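Participant: task: produce atomic coordinates for the following.
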Amino acid sequence: MQQSYRAALVALLAVFVLLAAPMADYGQALAKKAPQAEKDRPKAKSRKAAPVRKVARHEGKPAKKARHGRKAVVPVPADVENEEGDIGSCEVPALTVKSAMLWNASTGELLYEQNPDFQIPPASLTKILTLYIIFDAIRQGKLRPWDVVDVSERAATQGGSTMRLRNGESVKVTDMIKGIAVASANDACMAMADYLEGGNVDAFVALMNDTAKRLGMSNSVFMNPNGLPAEGQLTTARDMLRLASAYLEQFPKALSIHSLQFFSHNNRQRHNANSLLASYEGCDGLKTGFVCASGYNIVATAKRGDTRLIAVVLGSRSPRVRQRETAKLLDKGFKLAAIRKATTPAVVAARPVPQPEATAAQ
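Facilitator: Next comes the predicted model:
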């Protein structure tokens, strides 16, 4: 009995060995093929950025182009300011606009220029000149702030931005000024031109051009008092800087109006298009403008401490770009002014805006 039991057990073990051997061989075969299978399997895309290629640093040898559409990394010189810091030369990069200038009104120093004599339609920047003439008339006693202006039909039918003046309506000069400065009111400009020149708008436009020439705006021509599109109506960043500089020097209290963000007339509120008033520290003016032929323009001014800057930016493609590029320009100006003040403590007397032949970007 025991012998038969042992024989059955031996037979069972033999069968098990015969079955286990092929399975072991098959497992070894799989182990040998596994690396190759892993190699042939497509790799999942990694979300980590590819390592940056090193750029040739030898003088006179261009950096190698990065492959697969990646841009080569250009090393930043040590003396150029890092946008994340406040050190370096405070260089201003070229702006994505058609024309620009930056002026330190406190020292009379030109801080930046880009195509300053490029002619472009002024749009509503024209209203700075109209306001200059209005304030000059008040200074000379020809006009009083409390005078009442009767709105003509021509004024009431002006298009574009308005304060919704009605034909025959009587409005105080102070409200007209606010409408022009804050609401960019084309109808108010025409009403004031009619009032000051007895209904002869052509005479007012002639006065505008005479005033512009007297201020040194040699490359500007004005065709109407509000900046609405007109053939031949052109200005430059340099001329607008000259106008703004004279305007703020002679009528500094006008900023109390230009800094207003809202203006109401006939129970209708108007919003100032100068978005820097609410977003940029120290900004208290001056005027924006837009027509299709020029794009988005601005003359902006800001004061921090005893430094006042005036920036002119012409030909932006959108209000957002105009705000961004003007803020960028003013930022660099205040940084540069602080550096100049630290290295040159002596007070520099303000000087006039340079003429074209005397300018040089600094």
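Participant: if I look at M208, how far off is R324?
Facilitator: 31 Å (CB to CB, to the nearest Å). Glycine gets a C-beta too; all of them are placed from N, C-alpha and C.
Participant: compare these two (neighbour count), which wins?
Facilitator: Comparing M208 with R324 by other CB atoms under 10 Å, the one with more neighbours is M208, at 22 against 15.
Participant: which residue, neighbours along the chain excluded, lies closest to the more buried one?
Facilitator: Nearest-residue entry for M208: F222, 4.6 Å, with adjacent residues in sequence omitted and distances by CB to CB, 6 or more residues apart in numbering.
Participant: need the contact list for that neighbour.
Facilitator: Residues in contact with F222, defined by CB atoms under 8 Å, 6 or more residues apart in numbering, are 122, 126, 129, 205, 208-209, 212, 233, 235.
Participant: do you know how far it is from S318?
Facilitator: 26 Å.
Participant: swap in N226?
Facilitator: Taking CB to CB, one finds N226 at 22 Å from S318.
Participant: same question for E281.
Facilitator: As judged by CB to CB, E281 and S318 stand 23 Å apart.
Participant: ditto for M163
Facilitator: 25 Å.
Participant: higher neighbour count, the two?
Facilitator: Ranked by neighbour count (other CB under 10 Å), M163 and S318 place M163 first, with 24 against 11.
Participant: phi first, then psi, for the more buried one.
Facilitator: Main-chain torsions, M163, degrees, to the nearest 10: phi -110, psi 20.
Participant: mind listing the helices for the chain?
Facilitator: Assigned by DSSP state H, the helices in the chain fall at 2-40, 126-139, 153-156, 173-182, 186-196, 201-214, 237-250, 255-258, 276-279, 319-343.
Participant: and the closest residue to P354 other than its chain neighbours, what are its bridge partners?
Facilitator: If the residues on either side of it in the chain are set aside, P354 comes closest to L110, at 5.9 Å by CB to CB, 6+ apart. In this entry, L110 is beta-bridged to W103, by DSSP bridges.
Participant: L110: neighbour count?
Facilitator: Around L110 there are 21 residues (other CB under 10 Å).
Participant: what distance do you get for the closest residue to D175 other than its chain neighbours to L215?
Facilitator: Nearest residue to D175 in three dimensions, chain neighbours excluded: H265, at 6.4 Å (CB to CB, 6+ apart). Going from H265 to L215 by CB to CB gives 30 Å.
Participant: which intervals of the stretch 251-362 of the chain have sub-threshold pLDDT?
Facilitator: Along the stretch 251-362 of the chain, the model assigns pLDDT under 70 to residues 345-351, 357-362.
Participant: tell me which residue is most central in the chain.
Facilitator: The centroid of the chain falls nearest to E325 when counting by CA atoms, centre = their mean (2.5 Å).
Participant: count of neighbours near the residue nearest to that one when sequence neighbours are not counted?
Facilitator: With CB to CB, 6+ apart as the criterion, E325 has its nearest non-adjacent residue at 4.6 Å, and that residue is L95. Using other CB under 10 Å, L95 is surrounded by 21 other residues.
Participant: can you start the count at 9 instead of 1 from here on
Facilitator: Sounds good: first residue 9 from here, last item L103.
Participant: hmm, L103 is touching K336, no?
Facilitator: Yes: shown here, L103 and K336 form a contact pair, counting by CB atoms under 8 Å, at 7.0 Å.
Participant: distance of the nearest residue to L215 once chain neighbours are set aside from M231?
Facilitator: Sequence neighbours aside, I141 is the residue nearest to L215 in space, at 6.2 Å (criterion: CB to CB, 6+ apart). Per CB to CB, I141 is found 15 Å from M231.
Participant: repeat for L322
Facilitator: 18 Å.
Participant: just for the stretch 9-158 of the chain, where's the confidence low?
Facilitator: Judged by pLDDT under 70, the stretches of the stretch 9-158 of the chain that qualify are 9-101.
Participant: for the stretch 259-370 of the chain, just list every one of the strands.
Facilitator: 270-273, 276-279, 291-299, 303-312, 315-324 (DSSP state E, counting those that start in this stretch).
Participant: in the third one, what counts as buried?
Facilitator: Same thing as strand 291-299. 291-299 (16 or more other CB atoms under 10 Å).
Participant: show me what the residue nearest to D183 bridges to in the sheet.
Facilitator: Beta-bridge partners of H273, as defined by DSSP bridges: R276.
Participant: so what's it up against?
Facilitator: 171-172, 179, 183, 187, 191.
Participant: repeat for A220
Facilitator: Per CB under 8 Å, 6+ apart, neighbours of A220: 137, 228, 230, 247, 251.
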